[in-house]
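Engineer: Predicted model and sequence below, questions to follow.
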Amino acid sequence: MKNKAYDFYDVTEISNLKEMIDKKANLMPDMTAFVYPCATGEMKKTYFDLREDVNAFGAWMYSKKIKNKHVGLIGENSYEWLVVYFATINGGNVAVAIDKGLPEEEIASLAKSADVDVSFISDTFYDKVSKKVGRKNYNLKDFDDILSEGRKLLKDGAEEYLNYEIDSDKTAMILFTSGTSGVSKGVELTNRNIAFEIVHTSKLYEPYGGVLAVLPFHHAFGLVVGVLMVINYGQPVFINKSIKYIKKNMEEFGPQTMFFVPMFVEFFHKQIWREIEKRGATKAFKGLMKSTDLMLKAGVDVRHKTYGNIQKVFGGNLECIICGGAALDPMYVKEFRTWGIEILNGYGATECSPCTAVNRVHHHKDGSVGHLVPGIEVKTTEEGEIAFKGDLIMKGYYKNPEATADALVDGWYHTGDLGYVDDENFIFLTGRKKNLIILSNGENISPEELEQDIARDPAVKEVLVYDEDSKIIAEIFPEEEYLGDATYFEKLKTKVNKGRPIYKQITRIKLREEEFIKNASMKIVRYKNIPK
């Protein structure tokens with residue numbers, strides 16, 4: 001199929017998450033919803049199981065007077081986490097998802113800022129944080145016992161939870177911003193926001209096989225796009241509990257679609273090329289890739305047969321990677337496409353539930369962050385900032401009217417990203433408003449442009465570009481074999497500067513011996529890494 005516009009997909013309409021689960025349980029009760037490793041091997045849960053578990057847990061919550069409360073969720077990705085999440089929202093409570101990897105003090109601070117009343121914490125982190133969050137805390141190791149109690153309550157006629165009617169405009173969950181350029185803020189999302197996001201973003205892409213959920217559930221992309229949308233599609237989700245098991249999980253499950261942040265794409269890309277280099281086949285392989293691309297243009301697709309070994313790395317069935325959370329160099333998109341895996345770059349923010357654009361399988365533009373989600377509006381301000389309007393835009397920042405007023409102007413959410421929209425509603429980003437380097441001569445530079453070029457070099461693991469005394473500094477954390485190799489990176493500086501105007505040239509390279517501080521989305525936290 002040619003790369004051109006085509007009709008949006010038909011998607012099951014929902015108005016809230018309770019309706020979504022009910023529809024799936026009624027229409028496909030025996031279809032697998034979740035697969036996950038456990039102590040006894042591999043556990044499978046159908047859509048009927050999911051509804052039964054959510055209702056039982058919700059009935060138990062009501063019996064413990066957990067009504068109209070802010071409920072903290074802290075722990076690794078798990079089926080238990082998701083059941084508590086659904087039970088919380090479907091009963092009118094507010095789910096507050098907190099990154100379990102944060103320092104204890106920060107977890108406590110976020111819980112306090114969101115007025116968490118009660119928390120559910122995985123056994124792994126219970127002793128670490130239970131004394132610091134909420135007035136009452138439960139250990140998710142007791143999950144099965146809670147379900148048993150809940151089922152008994154339902155059998156005995158406890159129907160209050162089942163009869164709760166969802167208010168679509170009431171806050172359903174609070175997710176925290178990544179805090180790459182400042183303090184994290186609690187984003188209030190409603191059932192209307194979440195349901196609109198699920199339905200309308202799904203019109204752009206539709207998986208027809210299993211999905212491996214790798215990204216953390218406390219993150220909007222990992223939860224709403226990587227799990228909730230997949231449920232509405234009616235496809236099974238394999239839950240990955242830790243990134244150290246990704247390779248094993250891919251081999252076991254063989255996903256057709258995966259949702260990644262750029263760090264994962266870059267990691268696998270480097271691993272693939274390292275293996276090719278070890279075999280001394282770099283030049284021959286590049287030639288093979290050129291031949292494959294020419295054949296594909298002529299309508300002959302030999303990618304699956306030619307690059308079977310690469311596809312085996314991802315389980316053998318992977319066809320699409322939906323990538324978001326940060327900028328991705330188009331070079332990765334092109335090379336993965338050559339290998340038979342389409343990377344669909346997307347764009348959004350927690351404040352937008354989160355997705356506002358994504359490239360399509362048969363209608364994509366390399367270098368863009370995707371086609372606008374149908375049903376919402378986009379514009380660029382006089383300063384060139386991207387702004388969105390629509391039912392997926394957050395209710396506001398919890399108890400932060402000043403920040404809310406700054407971000408939401410006449411219903412438009414101002415992203416802080418600079419860019420433009422083309423005549424087909426594809427969005428292109430040029431930089432981050434807050435990250436702009438403004439030199440003493442008045443020239444403006446987007447550090448992302450330089451960072452992307454530097455990051456392409458195989459010796460670079462991480463890079464951050466910033467201004468220091470009106471000089472452009474590139475701070476680099478090298479790959480292990482290049483640690484401390486100043487001569488190599490001076491040559492790289494010369495290579496990157498070639499052809500650039502003087503004001504855009506890197507003045508100095510700084511080499512690091514340890515990784516940059518990153519957030520849950522694996523984005524470098526600029527304000528914690530740039531010297532003041």
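Structural biologist: Now that the structure is in, tell me what you want to look at.
Engineer: Which stretches in the stretch 301-450 of the chain count as helices?
Structural biologist: Assigned by DSSP state H, counting those that start in this stretch, the helices in the stretch 301-450 of the chain fall at 303-306, 308-313, 330-338, 401-407, 447-455.
Engineer: per-residue confidence averaged over stretch 342-360?
Structural biologist: For stretch 342-360, the mean per-residue pLDDT is 97.
Engineer: Kindly export that stretch (C-alpha atoms) in CSV.
Structural biologist: Only the C-alpha atoms of stretch 342-360 are listed here, as CSV (Å, rounded to 0.1, in the frame of the first residue of the first chain):
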residue,chain,number,x,y,z
GLU,A,342,7.7,0.2,11.3
ILE,A,343,8.3,2.8,14.0
LEU,A,344,5.4,5.1,14.3
ASN,A,345,6.6,8.2,16.1
GLY,A,346,3.9,9.9,18.2
TYR,A,347,3.6,13.0,20.4
GLY,A,348,1.7,14.2,23.4
ALA,A,349,1.9,15.1,27.1
THR,A,350,0.4,13.9,30.3
GLU,A,351,-1.8,17.0,30.2
CYS,A,352,-3.3,15.7,26.9
SER,A,353,-4.2,12.2,28.3
PRO,A,354,-1.4,11.9,26.7
CYS,A,355,-1.4,11.4,22.9
THR,A,356,-2.2,14.2,20.4
ALA,A,357,-0.5,12.8,17.3
VAL,A,358,0.9,9.6,15.8
ASN,A,359,2.2,8.5,12.5
ARG,A,360,0.1,5.8,10.7
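Engineer: What residues sit buried inside that stretch?
Structural biologist: Residues of stretch 342-360 classed as buried: 342-360 (neighbour count, 16 or more other Cβ atoms under 10 Å). Yep, even glycine has a C-beta here, placed from its N, CA and C like the rest.
Engineer: mind checking how far that stretch is from the chain centre?
Structural biologist: On the basis of Cα atoms, centre = their mean, to the nearest Å, stretch 342-360 sits 9 Å off its chain's mean C-alpha point.
Engineer: which residues in the stretch 51-200 of the chain form strands?
Structural biologist: Using DSSP state E, counting those that start in this stretch, the strands of the stretch 51-200 of the chain run over 70-74, 94-98, 118-121, 136-139, 171-176, 186-190.
Engineer: Tell me where the model's unsure across the stretch 151-300 of the chain.
Structural biologist: Of all residues in the stretch 151-300 of the chain, those with pLDDT under 70 make up the ranges 179-182.
Engineer: Mind jotting down where the helices sit in it?
Structural biologist: Taking DSSP H, counting those that start in this stretch as the test, the helices found in the stretch 151-300 of the chain are 191-201, 220, 229-233, 246-253, 262-278, 282-297.
Engineer: JSON lines please, covering the ones you listed and showing mean neighbour count and distance to Phe489.
Structural biologist: As requested, the helices of the stretch 151-300 of the chain are exported to JSON lines (neighbours: other Cβ atoms under 10 Å; distance: least, Cβ to Cβ, whole Å):
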{"stretch": "helix 191-201", "mean neighbour count": "24", "distance to Phe489": "40"}
{"stretch": "helix 220", "mean neighbour count": "31", "distance to Phe489": "36"}
{"stretch": "helix 229-233", "mean neighbour count": "22", "distance to Phe489": "42"}
{"stretch": "helix 246-253", "mean neighbour count": "17", "distance to Phe489": "30"}
{"stretch": "helix 262-278", "mean neighbour count": "16", "distance to Phe489": "17"}
{"stretch": "helix 282-297", "mean neighbour count": "13", "distance to Phe489": "21"}
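Engineer: JSON lines for the ones you listed, including distance to Leu153?
Structural biologist: Shown next, in JSON lines, are these (distance: least, Cβ to Cβ, whole Å):
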{"stretch": "helix 191-201", "distance to Leu153": "24"}
{"stretch": "helix 220", "distance to Leu153": "32"}
{"stretch": "helix 229-233", "distance to Leu153": "25"}
{"stretch": "helix 246-253", "distance to Leu153": "35"}
{"stretch": "helix 262-278", "distance to Leu153": "42"}
{"stretch": "helix 282-297", "distance to Leu153": "58"}
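Engineer: With Lys100 as the reference, name the closest of those.
Structural biologist: Nearest to Lys100, of all the helices of the stretch 151-300 of the chain, is helix 220, at 16.1 Å by Cβ to Cβ.
Engineer: got CSV for the helices of the stretch 301-450 of the chain, with mean neighbour count, distance to Lys152 and mean pLDDT too?
Structural biologist: Formatted as CSV, the helices of the stretch 301-450 of the chain follow (neighbours: other Cβ atoms under 10 Å; distance: least, Cβ to Cβ, whole Å; pLDDT from 0 to 100):
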stretch, mean neighbour count, distance to Lys152, mean pLDDT
helix 303-306, 14, 52, 94
helix 308-313, 15, 47, 94
helix 330-338, 18, 51, 96
helix 401-407, 14, 43, 95
helix 447-455, 19, 56, 89
